[in-house]
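*Asks:* Mind looking at a prediction? Sequence and model below.
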Amino acid sequence: MNNLQTNKMTNYRWVICAMLFLATTVNYMDRQVLSLTWKDFIALDFHWSDADYGFITAAFSIFYAFISLFAGKFIDWMGTKKGYIWAIVIWSIGACLHAACGVITMSITDIPNEEALRAVKAGTDMALLISTWSVWLFLACRIVLATGEAGNFPAAIKVTAEYFPKKDRALATSIFNAGASVGALAAPLTIPILAESMGWEMAFIIIGGIGFIWAILWAVLYNKPTESSHVNAAELAYIQQDNNAPATEENTATAPTREQANDNLQIPFLKCFTYRQTWAFIVGKLLTDGVWWFFLFWAPAYFSELGYKSSDPMGQALIFVLYLIVTVVSIGGGYLPKYFVEKKGMEPYSGRMLAMLIFAFFPIFAMFAQPLADTSVWWPCIIIGLAGAGHQSWSANLYSTIGDMFPKSAIASITGIGTMFGGLCSFAINWGSGLLFTHAEAQGDAFQFFGVTGKPAGYMIVFCYCAVAYLIAWALMKMLVPKYKPITK
């Protein structure tokens, strides 16, 4: 009986995957506290305009994109255990620091309390002074937040490559990546309630404080598979099944296999840009990341345009159903490459690219969201949910292509490079959408696209881009890397 228990494979890799899921959920919730409190709470204190908030979010996007370029290299240098702790502690500090912006602003402007802050007459010099100081203080906090958050995905992808064989990485990535949609789902249901009952400052502190708890758990629970007391020989052999020789106590103590030696290959940072594989990943992120962020930031506003505000029960139901679709379908999407590899006998990269091609068709339906909105608001809700699920499934497999091609020592660096370009796309599509919608609304019926007029025509234009972005990205990736070709030197 004891021998049978000894030989039975442990499943500790899924505990680690659950930790990655929680980190990603916290990541997205910390990012959304400001967006869910500024209009109804913070702007009343600091006399913010839409332009003030737009400046903060735009600056955050640019800095996040910039720091992502170096965050991956930092994770590769520091290692996944220490690097991840540094990342989440820094972004949690940044999240909590937002709560101090009010106290500091009152100290600078010599205003005694929050009631007096709100009582300042709009349009006066004092109101301008309050808004100016508070905007810069919040921006400083967002920079700290972005510095830490930029390390989340490079660290998570690197951990996935350490704990999962290639055929399982897309599934593991889709599970932890679902934290993005779960965080987006949970935030509107919790953060406004915290702000209403305890003040907006406590919303930042409570949500930000979760990250510190996660960091303690990570320090206790995480070690590399070869060093973890929770991973037995059977699970270690499963994790290392991609190696040319079986992972046993005997061969891990002697000469490394060819793949193990390749995993330790050190690639100088600038040399990463000389590989077609790097540019394939960049293209996949550059053309598609902005689609997800557009849905994330503009879906509530779009439903509001259709007459359903996010503060109303119907508006909340639409957002809930949208992200429920994203969460459920995207997790299932991560299983598809595993099916192609195990059941169809495909090589992991080929199976992954076939899965990505299938998911690239999901967003095609986005071009029907606006025309069908006149029939029922549930049609755009379901369509955007499916398009978002397609993105998350695409993203999980796209991240996994890094582990297919690059040694583990470079995975976080490549992830950071791609994330930077994805961040630039996110900034461009969201900033551009705002300008487009403003212009379309001002033009009224004179602005037309595909038979739609005014502001809805602006949405129609962006939806059409979202519909084709993934197919274009897939074709370019296939041109750059037609077949499996790992980096060996």
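*Replies:* Cool, the structure landed.
*Asks:* Just the helices from the stretch 351-489 of the chain, written as ranges.
*Replies:* 369-373, 378-405, 411-443, 454-480 (DSSP state H, counting those that start in this stretch).
*Asks:* now for these, which one comes closest to A280?
*Replies:* When those are compared by Cβ to Cβ, helix 454-480 sits nearest A280, at 4.2 Å. Using the backbone N, CA and C atoms, a C-beta is placed for each residue, glycine as well.
*Asks:* Can you list the buried residues in that closest one?
*Replies:* For helix 454-480, a neighbour-count test (16 or more other Cβ atoms under 10 Å) marks 454-463, 465-467, 469-470, 473-474, 476-477, 480 as buried.
*Asks:* That helix - what's its average pLDDT?
*Replies:* Here helix 454-480 scores 93 as its mean pLDDT.
*Asks:* Between helix 378-405 and that helix, find me the angle.
*Replies:* Note on geometry: by axes from the mean of the first three to the mean of the last three Cα atoms, to 10 degrees, helix 454-480 and helix 378-405 are set 20 degrees apart in direction.
*Asks:* Can you show me the strands along the chain?
*Replies:* 448-449, 452-453 (DSSP state E).
*Asks:* out of the ones you listed, deepest packed?
*Replies:* Burial of the strands of the chain is given as mean neighbour count (mean count of other Cβ atoms under 10 Å); strand 452-453 ranks first at a mean of 18.
*Asks:* for it, packing partners?
*Replies:* The criterion is 3 or more Cβ pairs under 8 Å, 6 or more residues apart in numbering; DSSP states H and E, and there are no helices or strands that strand 452-453 contacts.
*Asks:* oh, and call the first residue 16 from now on, that's how I've got it
*Replies:* New numbering, starting at 16: the last item is strand 467-468.
*Asks:* what's the offset of that strand from the middle of its chain?
*Replies:* The chain centre lies 32 Å from the centre of strand 467-468; the measure is Cα atoms, centre = their mean, to the nearest Å.
*Asks:* Stretch 359-367 now?
*Replies:* For stretch 359-367, the distance to the chain centre is 26 Å (Cα atoms, centre = their mean).
*Asks:* buried sites along that stretch?
*Replies:* In stretch 359-367, counting by 16+ other Cβ under 10 Å, buried: 361, 363-367.
*Asks:* Could you dump the residues you listed into a markdown table with pLDDT added?
*Replies:* Shown next, in a markdown table, are these (pLDDT from 0 to 100):
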| residue | pLDDT |
| --- | --- |
| M361 | 82 |
| P363 | 79 |
| Y364 | 81 |
| S365 | 85 |
| G366 | 85 |
| R367 | 86 |
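*Asks:* now those residues as CSV including distance to P422?
*Replies:* As requested, the buried residues of stretch 359-367 are exported to CSV (distance: Cβ to Cβ, whole Å):
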residue, distance to P422
M361, 23
P363, 16
Y364, 15
S365, 20
G366, 21
R367, 18
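*Asks:* on that earlier part again, buried deepest among the helices of the stretch 366-504 of the chain, which one?
*Replies:* helix 393-420 (a mean of 26).
*Asks:* model confidence over that one, on average?
*Replies:* 89.
*Asks:* where does the stretch 166-315 of the chain dip in pLDDT?
*Replies:* Within the stretch 166-315 of the chain, the segments meeting pLDDT under 70 span 259-279.
*Asks:* my guess is A234 contacts K97, does it?
*Replies:* No: the pair A234 / K97 is not scored as a contact, 9.0 Å apart, by Cβ atoms under 8 Å.
*Asks:* What is the neighbour count of A201?
*Replies:* 17 (other Cβ atoms under 10 Å).
*Asks:* Look up how far I208 lies from it.
*Replies:* 11 Å (Cβ to Cβ, to the nearest Å).
*Asks:* Same check on Y354?
*Replies:* 41 Å.
*Asks:* go on, L439?
*Replies:* According to Cβ to Cβ, L439 stands 34 Å off from I208.
*Asks:* Same check on H454?
*Replies:* Applying Cβ to Cβ, the value for H454 to I208 is 36 Å.
*Asks:* same question, E216
*Replies:* E216 sits 15 Å away from I208, taking Cβ to Cβ as the criterion.
*Asks:* For these two, indicate the residue with more neighbours.
*Replies:* Neighbours of E216 and I208, each counted by other Cβ under 10 Å, are more numerous for E216; the result is 22 against 11.
*Asks:* wait, which of the helices of the stretch 366-504 of the chain is closest to M371?
*Replies:* helix 393-420 (4.9 Å).
*Asks:* I'd like the distance from that closest one to the chain centre, please.
*Replies:* On Cα atoms, centre = their mean, the centre of helix 393-420 falls 11 Å from that of its chain.
*Asks:* residues contacting the residue nearest to the spatial centre of the chain?
*Replies:* When Cα atoms, centre = their mean is applied to the chain, the residue found nearest the centroid is A195 (5.6 Å). A195 sits next to 39-40, 42-43, 307, 407 when contact means Cβ atoms under 8 Å, 6 or more residues apart in numbering.
*Asks:* Could you do S428 as well?
*Replies:* By Cβ under 8 Å, 6+ apart, S428 lies in contact with 87-88, 90-91, 169, 282, 284, 287.
*Asks:* From the residues you listed, which land in helices?
*Replies:* 87-88, 90-91, 169 (DSSP state H).
*Asks:* how about the residues you listed in CSV, adding distance to H62?
*Replies:* Output for the ones in helices among the contacts of S428, formatted as CSV (distance: Cβ to Cβ, whole Å):
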residue, distance to H62
G87, 39
K88, 41
I90, 40
D91, 44
P169, 38
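*Asks:* Show me which of these are buried.
*Replies:* In the ones in helices among the contacts of S428, burial by neighbour count holds for 87-88, 90-91, 169, counting by 16+ other Cβ under 10 Å.
*Asks:* Let me know the closest of those to I432.
*Replies:* Nearest member of these to I432, counting by Cβ to Cβ, is G87, at 6.6 Å.
*Asks:* and the gap between the residue nearest to A110 when sequence neighbours are not counted and L160?
*Replies:* Among residues not flanking A110 along the chain, G223 sits closest, at 3.1 Å (Cβ to Cβ, 6 or more residues apart in numbering). Distance of G223 to L160, given as Cβ to Cβ: 9 Å.
*Asks:* ok, those two, which is more surrounded?
*Replies:* More crowded of G223 and L160, by other Cβ under 10 Å: L160, with 28 against 23.
*Asks:* contacting residues for that one?
*Replies:* By Cβ under 8 Å, 6+ apart, the residues touching L160 are 45-46, 75, 106, 109-110.
*Asks:* at 10 Å what do you get?
*Replies:* By Cβ atoms under 10 Å, 6 or more residues apart in numbering, L160 lies in contact with 42, 45-46, 48-49, 75, 78-79, 105-113, 223.
*Asks:* what's the answer for Y79, then?
*Replies:* So Y79 contacts 46, 86, 157-158, 160-162, 164-165, 434-435, 437-439, 441-442 (Cβ under 10 Å, 6+ apart).
*Asks:* how much space between it and V306?
*Replies:* Taken as Cβ to Cβ, the span from Y79 to V306 is 17 Å.
*Asks:* hey, where'd the helices end up in the stretch 66-215 of the chain?
*Replies:* Ranges of helices within the stretch 66-215 of the chain are 95-112, 116-124, 129-134, 140-164, 167-178, 181-213, 215-236, based on DSSP H, counting those that start in this stretch.
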